[in-house]
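**Q** Next comes the sequence, and after it the predicted model I'd like to discuss.
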Amino acid sequence: MTKSPMRVSVSGAAGQIGYALLFRIANGDMLGKDQPVILQLLEIADEKAQKALQGVMMEINDCAFPLLAGMTAHSDPMTAFKDIDFALLVGARPRGPGMERKDLLEANAQIFTVQGKALDAVAKRTVKVLVVGNPANTNAYIAMKSAPGLPSKNFTAMLRLDHNRALSQVAAKVNKSVTEIEKMCVWGNHSPTMYADYRFATTDGKSVKEMINDDVWNKDVFLPTVGKRGAAIIEARGLSSAASAANAAIDHVRDWALGTNGKWTTMGIPSDGSYGIPEGTMFGFPVTTANGEYQIVQGLAIDAFSQERINLTLKELSEEREGVKHLVG
Ligand SMILES: NC(=O)c1ccc[n+]([C@@H]2O[C@H](COP(=O)([O-])OP(=O)(O)OC[C@H]3O[C@@H](n4cnc5c(N)ncnc54)[C@H](O)[C@@H]3O)[C@@H](O)[C@H]2O)c1
Ligand SMILES: O=C(O)C[C@H](O)C(=O)O
(Lines give C-alpha, C1' and ligand atoms only; values in the text may rest on other atoms or scores of the structure.)
(Ligands and ions follow the chains in the order given, each with its own letter.)
Protein backbone atom coordinates (compact mmCIF):
# COMPACT_ATOMS: atom_id res chain seq x y z
CA MET A 1 0.00 0.00 0.00
CA THR A 2 1.24 3.50 -0.77
CA LYS A 3 2.27 5.45 2.33
CA SER A 4 0.68 8.84 2.97
CA PRO A 5 3.01 11.73 2.21
CA MET A 6 5.14 13.32 4.91
CA ARG A 7 5.41 17.09 5.02
CA VAL A 8 8.97 18.41 5.06
CA SER A 9 9.76 22.09 5.46
CA VAL A 10 13.15 23.47 4.47
CA SER A 11 14.16 27.06 5.26
CA GLY A 12 16.83 28.83 3.23
CA ALA A 13 15.55 26.74 0.34
CA ALA A 14 17.08 28.95 -2.36
CA GLY A 15 20.53 28.95 -0.74
CA GLN A 16 23.49 26.74 -1.61
CA ILE A 17 22.72 23.99 0.91
CA GLY A 18 19.07 24.10 -0.19
CA TYR A 19 20.16 23.48 -3.77
CA ALA A 20 22.11 20.38 -2.72
CA LEU A 21 19.42 19.14 -0.34
CA LEU A 22 15.97 19.44 -1.88
CA PHE A 23 16.58 17.14 -4.84
CA ARG A 24 17.82 14.39 -2.55
CA ILE A 25 14.83 14.68 -0.22
CA ALA A 26 12.48 14.52 -3.21
CA ASN A 27 14.41 11.49 -4.46
CA GLY A 28 13.71 9.54 -1.26
CA ASP A 29 17.28 9.64 0.07
CA MET A 30 16.14 10.97 3.45
CA LEU A 31 12.88 9.20 4.33
CA GLY A 32 13.06 6.12 2.14
CA LYS A 33 12.34 5.11 -1.42
CA ASP A 34 8.72 4.26 -0.55
CA GLN A 35 7.91 7.46 1.31
CA PRO A 36 6.16 10.25 -0.65
CA VAL A 37 7.00 13.79 0.48
CA ILE A 38 5.43 17.23 0.27
CA LEU A 39 8.01 20.04 0.29
CA GLN A 40 7.05 23.30 2.04
CA LEU A 41 9.85 25.68 1.15
CA LEU A 42 10.65 28.82 3.12
CA GLU A 43 12.68 31.79 1.95
CA ILE A 44 12.86 35.40 3.08
CA ALA A 45 10.21 37.80 1.79
CA ASP A 46 12.61 39.31 -0.70
CA GLU A 47 11.82 39.47 -4.40
CA LYS A 48 15.20 38.10 -5.50
CA ALA A 49 15.16 35.21 -3.00
CA GLN A 50 11.56 34.27 -3.86
CA LYS A 51 12.38 34.39 -7.59
CA ALA A 52 15.42 32.18 -7.04
CA LEU A 53 13.19 29.77 -5.09
CA GLN A 54 10.76 29.63 -8.03
CA GLY A 55 13.72 28.69 -10.24
CA VAL A 56 14.73 25.86 -7.91
CA MET A 57 11.14 24.61 -7.85
CA MET A 58 11.02 24.64 -11.65
CA GLU A 59 14.10 22.40 -11.66
CA ILE A 60 12.62 20.08 -9.03
CA ASN A 61 9.49 19.74 -11.17
CA ASP A 62 11.68 19.02 -14.18
CA CYS A 63 13.13 15.99 -12.35
CA ALA A 64 9.65 14.37 -12.30
CA PHE A 65 10.42 12.72 -8.95
CA PRO A 66 7.93 9.88 -8.40
CA LEU A 67 7.91 10.48 -4.62
CA LEU A 68 7.17 14.21 -4.80
CA ALA A 69 3.52 14.56 -3.80
CA GLY A 70 3.41 18.36 -3.64
CA MET A 71 5.53 21.48 -3.26
CA THR A 72 4.78 25.02 -2.09
CA ALA A 73 6.79 28.25 -1.68
CA HIS A 74 6.48 30.40 1.45
CA SER A 75 7.82 33.59 2.97
CA ASP A 76 6.00 33.12 6.29
CA PRO A 77 6.99 30.32 8.70
CA MET A 78 3.37 30.16 9.89
CA THR A 79 2.31 28.73 6.52
CA ALA A 80 5.60 26.95 5.74
CA PHE A 81 5.46 24.91 8.97
CA LYS A 82 1.76 24.03 8.85
CA ASP A 83 1.23 20.36 9.75
CA ILE A 84 4.83 19.42 9.03
CA ASP A 85 6.51 16.18 10.11
CA PHE A 86 10.08 17.48 9.61
CA ALA A 87 11.74 20.90 9.64
CA LEU A 88 15.23 21.41 8.26
CA LEU A 89 16.15 24.90 9.36
CA VAL A 90 19.00 25.85 7.07
CA GLY A 91 18.35 29.56 6.43
CA ALA A 92 20.30 31.83 8.73
CA ARG A 93 21.95 35.21 8.70
CA PRO A 94 25.58 34.91 7.58
CA ARG A 95 28.27 36.93 9.28
CA GLY A 96 28.62 40.27 7.46
CA PRO A 97 31.57 42.70 7.34
CA GLY A 98 32.29 44.20 10.75
CA MET A 99 29.82 41.88 12.49
CA GLU A 100 30.96 40.50 15.83
CA ARG A 101 30.00 36.97 16.91
CA LYS A 102 27.59 38.60 19.35
CA ASP A 103 25.81 40.47 16.50
CA LEU A 104 25.56 37.20 14.56
CA LEU A 105 24.08 35.46 17.58
CA GLU A 106 21.52 38.22 18.04
CA ALA A 107 20.50 38.38 14.37
CA ASN A 108 20.01 34.63 14.27
CA ALA A 109 18.35 34.53 17.66
CA GLN A 110 15.60 36.70 16.23
CA ILE A 111 15.08 34.37 13.24
CA PHE A 112 14.99 31.25 15.42
CA THR A 113 12.68 32.81 18.00
CA VAL A 114 10.13 33.55 15.27
CA GLN A 115 10.56 30.11 13.70
CA GLY A 116 10.35 28.31 17.07
CA LYS A 117 7.10 30.11 17.83
CA ALA A 118 5.72 29.23 14.41
CA LEU A 119 6.62 25.55 14.90
CA ASP A 120 4.91 25.65 18.27
CA ALA A 121 1.78 27.13 16.71
CA VAL A 122 1.30 25.09 13.54
CA ALA A 123 3.61 22.06 13.20
CA LYS A 124 2.61 18.49 14.08
CA ARG A 125 3.29 17.73 17.76
CA THR A 126 5.64 14.99 16.60
CA VAL A 127 7.65 17.29 14.30
CA LYS A 128 11.36 16.48 14.15
CA VAL A 129 13.48 19.61 13.83
CA LEU A 130 17.08 19.77 12.58
CA VAL A 131 18.89 23.10 12.77
CA VAL A 132 21.72 23.50 10.26
CA GLY A 133 22.03 27.31 10.11
CA ASN A 134 24.91 28.60 12.23
CA PRO A 135 25.50 28.92 15.10
CA ALA A 136 23.56 25.65 14.85
CA ASN A 137 23.55 24.51 18.50
CA THR A 138 22.47 27.87 19.88
CA ASN A 139 19.93 28.44 17.11
CA ALA A 140 18.42 25.03 17.91
CA TYR A 141 18.40 25.92 21.60
CA ILE A 142 16.54 29.18 20.85
CA ALA A 143 13.98 27.45 18.62
CA MET A 144 13.41 24.82 21.34
CA LYS A 145 12.97 27.47 24.04
CA SER A 146 10.56 29.41 21.79
CA ALA A 147 8.33 26.35 21.38
CA PRO A 148 7.28 25.37 24.91
CA GLY A 149 4.28 23.44 23.54
CA LEU A 150 6.53 20.95 21.73
CA PRO A 151 8.68 18.31 23.43
CA SER A 152 12.28 19.58 23.78
CA LYS A 153 13.56 16.27 22.41
CA ASN A 154 12.08 17.21 19.01
CA PHE A 155 14.81 19.84 18.53
CA THR A 156 18.28 18.88 17.32
CA ALA A 157 21.38 20.56 15.90
CA MET A 158 23.63 19.27 13.16
CA LEU A 159 26.90 17.72 14.33
CA ARG A 160 26.74 15.05 11.63
CA LEU A 161 29.03 16.88 9.25
CA ASP A 162 31.69 16.91 11.97
CA HIS A 163 31.00 13.22 12.63
CA ASN A 164 31.37 12.37 8.93
CA ARG A 165 34.53 14.46 8.66
CA ALA A 166 36.02 12.60 11.65
CA LEU A 167 35.02 9.24 10.18
CA SER A 168 36.66 10.01 6.87
CA GLN A 169 39.93 11.20 8.49
CA VAL A 170 40.18 8.14 10.76
CA ALA A 171 39.27 5.70 7.98
CA ALA A 172 42.08 7.12 5.82
CA LYS A 173 44.53 6.92 8.74
CA VAL A 174 43.90 3.21 9.38
CA ASN A 175 43.46 2.43 5.69
CA LYS A 176 39.87 1.19 5.99
CA SER A 177 36.65 2.24 4.33
CA VAL A 178 34.31 4.48 6.35
CA THR A 179 31.77 1.67 6.56
CA GLU A 180 34.30 -0.43 8.48
CA ILE A 181 34.62 2.12 11.31
CA GLU A 182 32.10 1.96 14.15
CA LYS A 183 31.58 3.89 17.39
CA MET A 184 32.85 7.30 16.34
CA CYS A 185 31.45 10.35 18.10
CA VAL A 186 31.77 14.11 18.37
CA TRP A 187 31.02 15.98 21.58
CA GLY A 188 29.79 19.52 21.97
CA ASN A 189 29.36 22.54 19.73
CA HIS A 190 29.43 22.67 15.93
CA SER A 191 32.45 24.95 16.02
CA PRO A 192 36.22 24.49 16.16
CA THR A 193 35.88 23.63 19.89
CA MET A 194 34.03 20.37 19.10
CA TYR A 195 35.71 17.23 20.42
CA ALA A 196 35.88 14.48 17.82
CA ASP A 197 36.56 11.29 19.76
CA TYR A 198 37.75 7.97 18.28
CA ARG A 199 38.75 6.39 21.62
CA PHE A 200 35.85 3.93 21.40
CA ALA A 201 35.99 3.38 17.63
CA THR A 202 36.52 -0.11 16.32
CA THR A 203 37.20 -1.72 12.97
CA ASP A 204 36.76 -5.48 12.58
CA GLY A 205 36.37 -5.56 16.37
CA LYS A 206 39.84 -4.00 16.88
CA SER A 207 40.43 -0.72 18.71
CA VAL A 208 41.10 2.13 16.27
CA LYS A 209 42.86 4.08 19.04
CA GLU A 210 45.29 1.20 19.58
CA MET A 211 45.85 0.87 15.84
CA ILE A 212 46.65 4.58 15.52
CA ASN A 213 48.48 4.73 18.86
CA ASP A 214 49.56 8.32 18.35
CA ASP A 215 48.34 10.98 20.78
CA VAL A 216 50.35 13.65 19.00
CA TRP A 217 48.51 12.93 15.73
CA ASN A 218 45.22 13.08 17.62
CA LYS A 219 45.99 16.43 19.23
CA ASP A 220 48.00 18.16 16.52
CA VAL A 221 46.57 16.77 13.28
CA PHE A 222 43.21 15.03 13.67
CA LEU A 223 41.42 17.43 16.03
CA PRO A 224 42.50 20.63 14.24
CA THR A 225 41.73 19.10 10.82
CA VAL A 226 38.17 18.16 11.82
CA GLY A 227 37.63 21.30 13.91
CA LYS A 228 38.80 23.72 11.24
CA ARG A 229 37.44 21.84 8.22
CA GLY A 230 34.66 24.38 7.61
CA ALA A 231 37.20 27.21 7.44
CA ALA A 232 39.51 25.14 5.17
CA ILE A 233 36.64 24.60 2.73
CA ILE A 234 35.73 28.30 2.72
CA GLU A 235 39.41 29.10 2.05
CA ALA A 236 39.62 26.58 -0.82
CA ARG A 237 36.21 27.06 -2.43
CA GLY A 238 35.52 30.69 -1.64
CA LEU A 239 32.18 29.44 -0.35
CA SER A 240 31.18 27.44 2.70
CA SER A 241 30.52 23.71 2.52
CA ALA A 242 27.19 22.98 0.88
CA ALA A 243 26.95 19.49 -0.67
CA SER A 244 28.64 17.85 2.32
CA ALA A 245 26.42 19.85 4.70
CA ALA A 246 23.30 18.80 2.77
CA ASN A 247 24.52 15.19 2.81
CA ALA A 248 25.02 15.35 6.57
CA ALA A 249 21.51 16.77 7.03
CA ILE A 250 20.11 13.84 5.02
CA ASP A 251 22.14 11.37 7.13
CA HIS A 252 20.98 12.99 10.39
CA VAL A 253 17.27 12.96 9.59
CA ARG A 254 17.35 9.53 7.92
CA ASP A 255 19.01 7.93 10.93
CA TRP A 256 16.65 9.70 13.35
CA ALA A 257 13.56 8.67 11.41
CA LEU A 258 14.60 5.19 10.27
CA GLY A 259 17.05 4.04 12.96
CA THR A 260 20.73 3.10 13.16
CA ASN A 261 20.30 -0.62 13.95
CA GLY A 262 22.38 -0.29 17.09
CA LYS A 263 25.19 1.67 15.41
CA TRP A 264 26.46 4.92 16.91
CA THR A 265 26.10 8.30 15.31
CA THR A 266 26.37 11.88 16.56
CA MET A 267 23.46 14.28 17.07
CA GLY A 268 23.28 17.68 18.73
CA ILE A 269 20.47 17.17 21.24
CA PRO A 270 19.21 18.82 24.43
CA SER A 271 21.20 17.24 27.27
CA ASP A 272 19.36 15.19 29.86
CA GLY A 273 22.27 15.76 32.26
CA SER A 274 24.32 12.82 30.94
CA TYR A 275 28.12 13.15 31.27
CA GLY A 276 27.65 16.22 33.49
CA ILE A 277 26.37 18.39 30.62
CA PRO A 278 23.74 20.72 32.12
CA GLU A 279 20.19 19.76 31.21
CA GLY A 280 18.85 21.54 28.13
CA THR A 281 22.29 22.37 26.66
CA MET A 282 22.20 21.61 22.93
CA PHE A 283 25.24 19.35 22.83
CA GLY A 284 26.76 16.81 20.46
CA PHE A 285 26.48 13.31 21.97
CA PRO A 286 27.05 9.76 20.75
CA VAL A 287 23.59 8.30 20.15
CA THR A 288 21.82 5.30 18.74
CA THR A 289 18.33 5.64 17.27
CA ALA A 290 15.32 3.34 16.98
CA ASN A 291 11.59 3.85 16.37
CA GLY A 292 12.05 7.57 15.71
CA GLU A 293 13.79 8.22 19.05
CA TYR A 294 17.44 8.77 19.95
CA GLN A 295 19.24 7.43 23.03
CA ILE A 296 22.54 8.77 24.37
CA VAL A 297 25.22 6.07 24.54
CA GLN A 298 25.82 5.77 28.29
CA GLY A 299 28.67 4.64 30.49
CA LEU A 300 31.63 5.81 28.40
CA ALA A 301 34.80 6.52 30.35
CA ILE A 302 35.93 10.13 30.05
CA ASP A 303 39.68 10.51 30.61
CA ALA A 304 41.38 13.74 31.70
CA PHE A 305 42.21 14.92 28.15
CA SER A 306 38.65 14.26 26.96
CA GLN A 307 37.16 15.99 29.99
CA GLU A 308 39.28 19.04 29.27
CA ARG A 309 38.06 19.13 25.66
CA ILE A 310 34.44 18.58 26.67
CA ASN A 311 34.72 21.39 29.24
CA LEU A 312 36.10 23.74 26.58
CA THR A 313 33.27 23.18 24.10
CA LEU A 314 30.69 23.32 26.92
CA LYS A 315 32.13 26.65 28.08
CA GLU A 316 31.68 28.10 24.59
CA LEU A 317 28.09 26.86 24.41
CA SER A 318 27.32 28.22 27.88
CA GLU A 319 28.66 31.63 26.79
CA GLU A 320 26.53 31.56 23.63
CA ARG A 321 23.50 30.62 25.73
CA GLU A 322 24.26 33.49 28.12
CA GLY A 323 24.52 35.85 25.14
CA VAL A 324 20.94 35.15 24.02
CA LYS A 325 19.40 34.79 27.49
CA HIS A 326 17.53 38.08 27.22
CA LEU A 327 15.78 36.80 24.09
CA VAL A 328 14.63 33.42 25.30
CA GLY A 329 14.03 34.19 28.98
N1 LIG B 1 25.80 22.83 10.94
C2 LIG B 1 26.63 22.64 9.93
O3 LIG B 1 27.36 21.64 9.89
C4 LIG B 1 26.69 23.61 8.78
C5 LIG B 1 27.47 23.29 7.66
C6 LIG B 1 27.53 24.19 6.59
C7 LIG B 1 26.82 25.38 6.65
N8 LIG B 1 26.08 25.66 7.76
C9 LIG B 1 25.29 26.89 7.86
O10 LIG B 1 24.08 26.73 7.09
C11 LIG B 1 23.56 28.01 6.76
C12 LIG B 1 23.15 28.06 5.30
O13 LIG B 1 24.28 27.93 4.48
P14 LIG B 1 24.17 28.18 2.90
O15 LIG B 1 25.54 27.94 2.37
O16 LIG B 1 23.02 27.46 2.32
O17 LIG B 1 23.90 29.74 2.89
P18 LIG B 1 23.27 30.62 1.73
O19 LIG B 1 23.56 32.04 2.11
O20 LIG B 1 23.67 30.12 0.38
O21 LIG B 1 21.71 30.36 1.86
C22 LIG B 1 20.99 30.72 3.00
C23 LIG B 1 19.58 31.02 2.54
O24 LIG B 1 18.80 31.22 3.69
C25 LIG B 1 17.89 32.26 3.42
N26 LIG B 1 17.43 32.80 4.69
C27 LIG B 1 18.05 33.68 5.51
N28 LIG B 1 17.27 33.98 6.55
C29 LIG B 1 16.15 33.26 6.41
C30 LIG B 1 14.95 33.16 7.16
N31 LIG B 1 14.78 33.88 8.26
N32 LIG B 1 13.99 32.34 6.72
C33 LIG B 1 14.15 31.63 5.58
N34 LIG B 1 15.25 31.70 4.82
C35 LIG B 1 16.23 32.50 5.23
C36 LIG B 1 18.68 33.23 2.56
O37 LIG B 1 17.82 34.07 1.81
C38 LIG B 1 19.48 32.28 1.69
O39 LIG B 1 18.83 31.98 0.47
C40 LIG B 1 24.64 29.01 7.17
O41 LIG B 1 24.30 29.53 8.45
C42 LIG B 1 25.89 28.15 7.28
O43 LIG B 1 26.85 28.72 8.14
C44 LIG B 1 26.01 24.81 8.80
O1 LIG C 1 32.46 26.65 9.24
C2 LIG C 1 31.55 27.22 8.64
O3 LIG C 1 31.33 28.44 8.77
C4 LIG C 1 30.66 26.46 7.70
C5 LIG C 1 30.12 25.21 8.28
O6 LIG C 1 29.65 25.34 9.57
C7 LIG C 1 31.07 24.05 8.15
O8 LIG C 1 31.38 23.41 9.16
O9 LIG C 1 31.48 23.73 7.01
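**A** Okay, I see it. Ligands and ions are numbered 1, 2, ... in the order given.
**Q** Low-confidence bits of this structure, can you list those?
**A** For the chain, applying pLDDT under 70 flags the ranges 1, 329.
**Q** burial of the residue in it that ligand 1 sits nearest to, as a residue count?
**A** At 1.9 Å from ligand 1, G15 is the closest residue in the chain, using CB to the nearest ligand atom. The C-beta positions use only the backbone N, C-alpha and C, and glycine is treated the same way. Neighbours of G15 under the rule other CB atoms under 10 Å: 22.
**Q** Distance check, the residue in the stretch 151-300 of the chain that ligand 2 sits nearest to against P97.
**A** Nearest residue of the stretch 151-300 of the chain to ligand 2 (CB to the nearest ligand atom) works out as G230 at 2.2 Å. Distance, G230 to P97, using CB to CB, to the nearest Å: 19 Å.
**Q** The two: which is more packed in?
**A** Neighbours per residue (other CB under 10 Å) separate G230 from P97, with G230 holding more: 20 against 4.
**Q** show me what contacts that one?
**A** 240-241 (CB atoms under 8 Å, 6 or more residues apart in numbering).
**Q** Which of the three states applies to it?
**A** Per DSSP: H, G, I helix; E, B strand; the rest coil, the local secondary structure of G230 is helix.
**Q** Run through the bridge partners of L130.
**A** Counting by DSSP bridges, L130 forms beta bridges with L88, T156.
**Q** Against I17, how distant is A87?
**A** The value you get for A87 to I17, if CB to CB is used, is 14 Å.
**Q** Can you pick out the residue with more neighbours from the two?
**A** A direct count of neighbours by other CB under 10 Å for A87 and I17 places A87 higher, at 29 against 25.
**Q** shouldn't that one be in contact with A123?
**A** Yes: between A87 and A123 there is a contact under CB atoms under 8 Å: 6.7 Å.
**Q** shared neighbours of the two, anything?
**A** Residues touching both A87 and A123 (CB under 8 Å, 6+ apart) are F81.
**Q** what helix or strand does the closest residue to S191 other than its chain neighbours sit in?
**A** Nearest non-adjacent residue to S191, counting by CB to CB, 6 or more residues apart in numbering: E316, 6.4 Å away. Assigned by DSSP states H and E, E316 belongs to helix 304-323.
**Q** which is the next helix or strand following that helix?
**A** For helix 304-323, the succeeding helix or strand toward the C-terminus, using DSSP H and E, is helix 325-328.
**Q** Buried residues in that next one, which are they?
**A** For helix 325-328, burial by neighbour count (16 or more other CB atoms under 10 Å) applies to V328.
**Q** Please see if stretch 150-160 touches ligand 1.
**A** Yes: legend: contact between stretch 150-160 and ligand 1 by CB under 6 Å from any ligand atom is shown at M158.
**Q** Give me the contact list for that stretch.
**A** Taking CB under 8 Å, 6+ apart as the rule, stretch 150-160 contacts 119-120, 123, 125-132, 136-137, 139-141, 143-144, 147, 186, 188, 190, 194, 245, 248-249, 251-252, 256, 265-270, 280, 282, 284, 293-294.
**Q** contacting residues for L68?
**A** Neighbouring residues of L68 by CB under 8 Å, 6+ apart: 26, 36-39, 60.
**Q** If it is in a bridge, with which residues?
**A** Beta-bridge partners of L68, as defined by DSSP bridges: V37.
**Q** Kindly provide the distance from it to I60.
**A** Distance from L68 to I60, counting by CB to CB: 7 Å.
**Q** Now the common contact residues for those two.
**A** 26, 39.
**Q** SS state for the closest residue to Y275 other than its chain neighbours?
**A** Once flanking residues are discounted, Y275 sits nearest to I302: 6.6 Å by CB to CB, 6+ apart. Put simply, I302 is coil when judged by three-state DSSP.
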